[in-house]
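J.: Can you look at this prediction? I've put the sequence above it.
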Amino acid sequence: MTQPLRTALAALALSFGMGLTGWANAHAVVISHPPVADHHLHIFSAEGSRVLDLICKALGPKGCPPQRSTAPSTGADVLMALDKAGIRDGVLLSGGYFFGSPEVADQHLDVAKGMRDENTFIVGEAKASCGRLSAFVSVPPLSPDAVAEIHYWGKKGGATGLKLHLGSARFDFRDPDQVGKLAAIFKAAGEEHLAIVIHMQTRLKDYGAEDAKIFLRDVYPMARGSIIQVAHAAGSGGVDDGELAALGAFAEAIAANPRSTKNLYFDLAMVPDLFANEGKIPASPAHVAALEDLMHKIGLKRFLLGSDYVLGLDLKAYYANEQSSLGLNAADWRTLASNLAPYIRSKSARHCTVAR
């Protein structure tokens with residue numbers, strides 16, 4: 001199928017209100033090679049779902065597209081979605097950071113308790129998955145309780161890593177005080193040998209290369225060798241100028257010193273979004289071409305497939321469309337599909353039964 005025809009079909013589907021999932025379910029869905037793992041998945045406890053709904057009401061449709069589910073969900077829901085798509089492993093990212101969101105500051109939530117409970121929920125769901133799901137706890141990056149929460153999970157066990165969402169926190173890389181707090185969080189995660197998934201794109205309109213350079217200079221080294229996964233290829237889902245500028249800065253740093261940046265990876269959750277995947281930022285063909293160029297400069301082995309899954313997303317349809325939208329050849333897609341983050345341990349034996 002040619003690129004213009006793919007784009008036209010996507011537009012036609014959207015004009016009928018079908019969206020990505022509706023379009024894909026109405027056609028034969030084929031993934032030449034399913035990914036071995038989905039590196040970016042979300043589930044929510046009942047309380048996490050309630051708080052997320054409050055955040056979405058404050059942000060409006062642009063912040064939380066209405067077709068994206070915020071309903072409570074479980075690890076069993078994720079496993080069923082993975083099984084349908086032929087995917088073995090998954091990474092559960094906690095919404096513990098919701099409780100420190102500026103959008104719910106007027107709710108006077110107990111941030112420490114809220115994030116602890118949500119993190120406990122995520123870890124428990126991962127433990128019940130027979131080793132297929134890895135748990136990443138989460139903290140609001142500007143919370144005074146963040147470092148203590150990281151050390152708690154480092155000592156308690158059960159968590160593979162830490163999820164950070166800078167956009168949600170209205171983080172600003174140009175504020176030295178905020179950068180210092182983020183550096184302390186990276187230091188704590190490194191001390192506890194936790195991998196980090198970080199949503200780097202901030203809400204600043206001029207987010208881009210300058211922010212990535214500050215991160216690489218002042219924050220990344222503090223993690224002491226932990227694996228760092230930059231979510232959405234340094235964007236927010238979709239492809240835009242800010243993401244490409246930030247990813248370009250990463251490409252330059254990796255080329256200049258591949259050894260010191262060897263622990264850097266990038267996930268492709270809701271990227272490139274040429275089919276307007278569930279309301280995320282759309283990507284133009286020119287933006288996708290620039291993304292592909294940067295991916296090859298950085299090296300495809302550093303890119304991890306992920307979906308930004310929430311309840312109801314058809315992963316088979318999602319990955320079929322992502323494969324088509326990226327425009328990579330079959331060999332390059334096989335490389336992406338076979339990439340597995342180093343923090344996911346090989347689990348050949350499954351000696352438990354998952355309750356469903």
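T.: Yep, that arrived.
J.: In stretch 121-133, which residues are buried?
T.: Counting neighbours by 16 or more other C-beta atoms under 10 Å, one finds that the buried residues in stretch 121-133 are 121-123, 125-126, 128-129, 131-133. (Glycine included, C-beta is placed from N, CA and C.)
J.: starting at the chain centroid, how far to that stretch?
T.: Between the centre of stretch 121-133 and the centre of its chain there are 18 Å (C-alpha atoms, centre = their mean, to the nearest Å).
J.: now stretch 207-219
T.: With C-alpha atoms, centre = their mean, you get 19 Å for stretch 207-219.
J.: which residues sit against it?
T.: Here stretch 207-219 makes contact (C-beta atoms under 8 Å, 6 or more residues apart in numbering) with 173-174, 179, 182-183, 186, 200-202, 204, 234, 241-242, 245-250, 253, 261.
J.: Report the buried residues of it.
T.: Buried-residue list, stretch 207-219, by 16+ other C-beta under 10 Å: 207-209, 211-216, 218-219.
J.: first vs last residue of it, how far apart are they?
T.: Stretch 207-219 stretches 17 Å from its first residue to its last (C-alpha to C-alpha, to the nearest Å).
J.: Tell me where the chain has strands.
T.: Taking DSSP state E to define them, one finds strands in the chain at 37-41, 89-93, 133-138, 161-165, 195-199, 228-230, 264-267, 303-304.
J.: Export those strands as TSV, with columns for mean pLDDT and distance to D117.
T.: Shown next, in TSV, are those (pLDDT from 0 to 100; distance: least, C-beta to C-beta, whole Å):
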stretch	mean pLDDT	distance to D117
strand 37-41	98	19
strand 89-93	98	15
strand 133-138	98	11
strand 161-165	98	15
strand 195-199	98	20
strand 228-230	98	24
strand 264-267	98	26
strand 303-304	98	28
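J.: What backbone torsions are found at N257?
T.: Main-chain torsions, N257, degrees, to the nearest 10: phi -150, psi 80.
J.: Let me see the confidence value for it.
T.: Looking at N257, its pLDDT is 95.
J.: next one: C64
T.: For C64, the model assigns a pLDDT of 81.
J.: again, but for G17
T.: Here, the pLDDT recorded for G17 equals 29.
J.: Among the contacts of stretch 207-219, name the buried ones.
T.: Buried among the contacts of stretch 207-219 by 16+ other C-beta under 10 Å: 173, 179, 182-183, 186, 200-202, 204, 234, 242, 245-250, 253, 261.
J.: can I get the strands of the chain in JSON lines with distance to R68?
T.: What follows is the strands of the chain, written out as JSON lines (distance: least, C-beta to C-beta, whole Å):
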{"stretch": "strand 37-41", "distance to R68": "14"}
{"stretch": "strand 89-93", "distance to R68": "15"}
{"stretch": "strand 133-138", "distance to R68": "18"}
{"stretch": "strand 161-165", "distance to R68": "15"}
{"stretch": "strand 195-199", "distance to R68": "15"}
{"stretch": "strand 228-230", "distance to R68": "21"}
{"stretch": "strand 264-267", "distance to R68": "18"}
{"stretch": "strand 303-304", "distance to R68": "21"}
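J.: which stretch among those strands comes nearest F99?
T.: Nearest to F99, of all the strands of the chain, is strand 133-138, at 9.4 Å by C-beta to C-beta.
J.: Give me the residues contacting that closest one.
T.: By C-beta under 8 Å, 6+ apart, the list of residues contacting strand 133-138 reads 41, 75, 78-79, 89-97, 115, 118-119, 122-123, 125-127, 149-150, 153, 158-165, 195, 197, 343-344.
J.: now swap in stretch 149-165 and tell me
T.: Identification of contacts with stretch 149-165 by C-beta under 8 Å, 6+ apart yields 91, 93-94, 96-97, 112, 115-116, 119, 123, 126-127, 134-139, 141, 182, 185, 188-189, 191-199, 226-227, 343-344.
J.: Select only the buried ones of those residues in PyMOL?
T.: Remark: buried members of the contacts of stretch 149-165, expressed as a PyMOL selection using 16+ other C-beta under 10 Å:
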select buried, resi 91+93+94+96+97+112+115+116+119+123+126+134+135+136+137+138+139+141+182+185+188+189+191+192+194+195+196+197+198+199+226+227+343+344
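J.: Pull the contacting residues for T70.
T.: T70 touches 44, 49, 52-53, 56, 64, 310, counting by C-beta under 8 Å, 6+ apart.
J.: who's in contact with the nearest residue in space to it that is not next to it in sequence?
T.: The shortest distance from T70 to any non-neighbouring residue, by C-beta to C-beta, 6 or more residues apart in numbering, is to L52 (4.7 Å). With contact taken as C-beta under 8 Å, 6+ apart, L52 is in contact with 44, 64, 70, 95, 98.
J.: same thing with V288?
T.: By C-beta under 8 Å, 6+ apart, the residues touching V288 are 239, 272, 274, 325-327.
J.: Which one of those residues sits in the busiest neighbourhood?
T.: V239 (30 neighbours; other C-beta atoms under 10 Å).
J.: So that one versus Y318, what's the distance?
T.: 16 Å (C-beta to C-beta, to the nearest Å).
J.: And G306, by the same measure?
T.: From G306 to Y318 the distance is 10 Å (C-beta to C-beta).
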